[in-house]
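K.L.:
sequence unknown, structure follows:
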Ligand code: HEM
């Protein structure tokens, strides 16, 4: 079994223990699959950036599970096809373009909180998932999914559930076997397909050019003049649908948790909002002055990186950290571990937004902190996400304080991403 059993029992603990016992580079085997865990920023930089050409995504991303979910979209494709998709999608994420999304972000956040009553109990994980899905779909596809949102949210939750436990076993055996879990997975994936195909069909039918990402994809032509098929479009839309909402929602959910547990930081956050906003809604123009809010977001992603690990596979044999790594080895890097490494972060388990000064950032090894990955396959939505997180936090924090019961603990659950196991329960208080 190799380390399969230990890894599946508690992946996060296993990841940290392996570094503690063996150091920055650890070789192991999952069943018959050789794997290497890398913990040092220099090694991570080598794989993600300097020698990126020699690596493709890991076996888990090529599994039937991911293929069924996001197909051959931007996150999973390789080579020329990936280059073309990245080129096609990039304009939707340029700085000038994402500026126009700010109003939508604030609008949907304000709509969410418009009915909140002081004293009300809420689950911030659930609320943030709903909010970010509405935002990404509206910004990139000019569609409103408010009516489907609860069903989509619940379906997504169910979808990843079986893959949280026994994850490595699943990606090795894959979901080829017609077990009850896998049949259920396909049925759930079909439900989400329905919403995505509906968004595409609506655009085909209206024929309107909304100037958004889906319009750019619809207008794209190959050299031979052919267009993206509906399946290709579906894969792109589904990829952005998934990559673009859960990660952002998780960052905000973890941030509310951290603020609830750290009253001093919460006070400073509120003070900044009062000074900068003076009682009005935030806009894009406020971003440069919402410095502490930005530091909060960064520190939250350090402690609870939504993407807690990344995987690659070398195409040709290579050398990492002085060790020979044969082609085909699964290479994993974990934000979860490197972000909590005392060599790079003083008092690493403490929530200290203040640490993110310009000077600190300049001296930090580049890949000691990589919540958005890096190199050519780095997150295309990083600026979009940062803007969304800051604006949404500010819109909510301006009006409400979200109180956590002093004894309330939130358990970390490493599914495809780093989730709060039973949500983030808070009580809404007026400010
Ligand atoms: C806090 C929020 C986010 C986090 C932490 C995050 C994290 C990441 C990471 C770590 C990667 C690299 C994966 C790898 O190297 O294997 C990635 C890629 C990607 N992300 Fe994000 N992401 C976030 C928000 C977004 C948003 C808002 C969008 C789109 C609206 C998005 C779309 C994508 C796409 C399409 C890729 C694949 C890019 C490529 O391979 O060319 N992400 N993200």
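P.N.:
Sure thing, it's come through. These numbers were taken from a predicted model, which means no experiment stands behind them.

K.L.:
nearest the geometric middle of the protein, what residue?
P.N.:
residue 247 (2.7 Å; C-alpha atoms, centre = their mean).

K.L.:
could you pull up phi and psi at the residue nearest to that one when sequence neighbours are not counted?
P.N.:
Leaving aside its sequence neighbours, residue 247 sits nearest to residue 306 (C-beta to C-beta, 6 or more residues apart in numbering; 4.0 Å). All C-beta spots, glycine's among them, are computed from the backbone N, C-alpha and C. Main-chain dihedrals, residue 306, degrees, to the nearest 10: phi -60, psi -40.

K.L.:
give me the number of residues near the one residue in the stretch 101-250 of the chain that gets nearest to the ligand?
P.N.:
Nearest residue of the stretch 101-250 of the chain to the ligand, counting by C-beta to the nearest ligand atom: residue 244, 2.8 Å away. A count of nearby residues for residue 244, using other C-beta atoms under 10 Å, gives 23.

K.L.:
so it touches residue 136, yeah?
P.N.:
Yes - Residue 244 is in contact with residue 136 according to C-beta atoms under 8 Å; the separation is 4.1 Å.

K.L.:
give me the number of residues near residue 288?
P.N.:
Neighbourhood size, residue 288 [other C-beta under 10 Å]: 9.

K.L.:
same check, this time on residue 207
P.N.:
Neighbourhood size, residue 207 [other C-beta under 10 Å]: 7.

K.L.:
just for the chain, where's the confidence low?
P.N.:
Residue ranges of the chain with pLDDT under 70: 160-178.

K.L.:
enumerate the residues of it near the ligand.
P.N.:
Contact residues (C-beta under 6 Å from any ligand atom) of the chain with the ligand: 57, 74-75, 86, 136, 239-240, 243-244, 247-248, 251, 306-307, 310, 371-373, 377, 379-381, 384-385.

K.L.:
any buried residues in stretch 30-39, and which?
P.N.:
For stretch 30-39, burial by neighbour count (16 or more other C-beta atoms under 10 Å) applies to 30, 33, 35-39.

K.L.:
which residues does that stretch contact?
P.N.:
1-4, 7, 15, 18-19, 23-29, 44, 47, 59, 168-169, 172, 320-321, 323, 325-326, 328-334, 337-338, 341 (C-beta atoms under 8 Å, 6 or more residues apart in numbering).

K.L.:
just the buried ones from those residues?
P.N.:
3-4, 7, 15, 18-19, 24-26, 28, 44, 47, 59, 168-169, 172, 320, 325, 329-334, 337-338, 341.

K.L.:
find the closest residue to the ligand in the stretch 251-400 of the chain.
P.N.:
residue 381 (2.3 Å).

K.L.:
what residues are up against that residue?
P.N.:
93, 240, 243-244 are the contacts of residue 381 under C-beta under 8 Å, 6+ apart.

K.L.:
widest-spaced pair of those residues?
P.N.:
93 and 243 (11.9 Å; C-beta to C-beta).

K.L.:
what's near enough to touch residue 389?
P.N.:
Contacts of residue 389 (C-beta under 8 Å, 6+ apart): 248, 251-252, 255, 297.

K.L.:
what's the closest non-adjacent residue to residue 250?
P.N.:
Excluding its sequence neighbours, the residue lying closest to residue 250 (C-beta to C-beta, 6+ apart) is residue 306, at 4.0 Å.

K.L.:
that neighbour: neighbour count?
P.N.:
The tally of other residues near residue 306 (other C-beta under 10 Å) stands at 23.

K.L.:
for whichever helix in the chain runs longest, packing partners?
P.N.:
Longest helix of the chain, by residue count under DSSP state H: helix 180-206. With contacts taken as 3 or more C-beta pairs under 8 Å, 6 or more residues apart in numbering; DSSP states H and E, helix 180-206 sits against helix 64-70, helix 124-141, helix 149-164, helix 213-219, helix 230-243.

K.L.:
give me the distance from that helix to the chain's centre.
P.N.:
Relative to its parent chain, helix 180-206 has a centroid offset of 21 Å by C-alpha atoms, centre = their mean, to the nearest Å.

K.L.:
and stretch 324-336, by the same measure?
P.N.:
Relative to its chain's centre, stretch 324-336 lies at 20 Å (C-alpha atoms, centre = their mean).

K.L.:
got a list of contacts for it?
P.N.:
Taking C-beta under 8 Å, 6+ apart as the rule, stretch 324-336 contacts 12, 15-16, 30, 33-39, 43-44, 47-48, 55, 58-60, 305, 307-320, 370-371, 414, 418.

K.L.:
re earlier: using the three-state scheme, assign the residue nearest to the centre of the chain.
P.N.:
Under DSSP: H, G, I helix; E, B strand; the rest coil, residue 247 falls in the helix class.

K.L.:
residue contacts, it?
P.N.:
Taking C-beta under 8 Å, 6+ apart as the test, what residue 247 contacts is 306-307, 385, 417.

K.L.:
in those, find the pair that's most separated.
P.N.:
Maximum pairwise distance among these (C-beta to C-beta): 13.0 Å, between 385 and 417.

K.L.:
and these two? Which one has more around it.
P.N.:
residue 385 (25 against 19).

K.L.:
so that one touches residue 251, yeah?
P.N.:
Yes - Residue 385 is within contact range of residue 251, at 7.4 Å (criterion: C-beta under 8 Å).

K.L.:
distance check, residue 2 against the ligand.
P.N.:
Distance, residue 2 to the ligand, by C-beta to the nearest ligand atom, to the nearest Å: 23 Å.

K.L.:
in which helix or strand would I find the nearest residue to that residue once chain neighbours are set aside?
P.N.:
Closest residue in space to residue 2, ignoring its immediate chain neighbours: residue 29 at 3.4 Å, by C-beta to C-beta, 6+ apart. When elements are assigned from DSSP states H and E, residue 29 belongs to strand 25-30.
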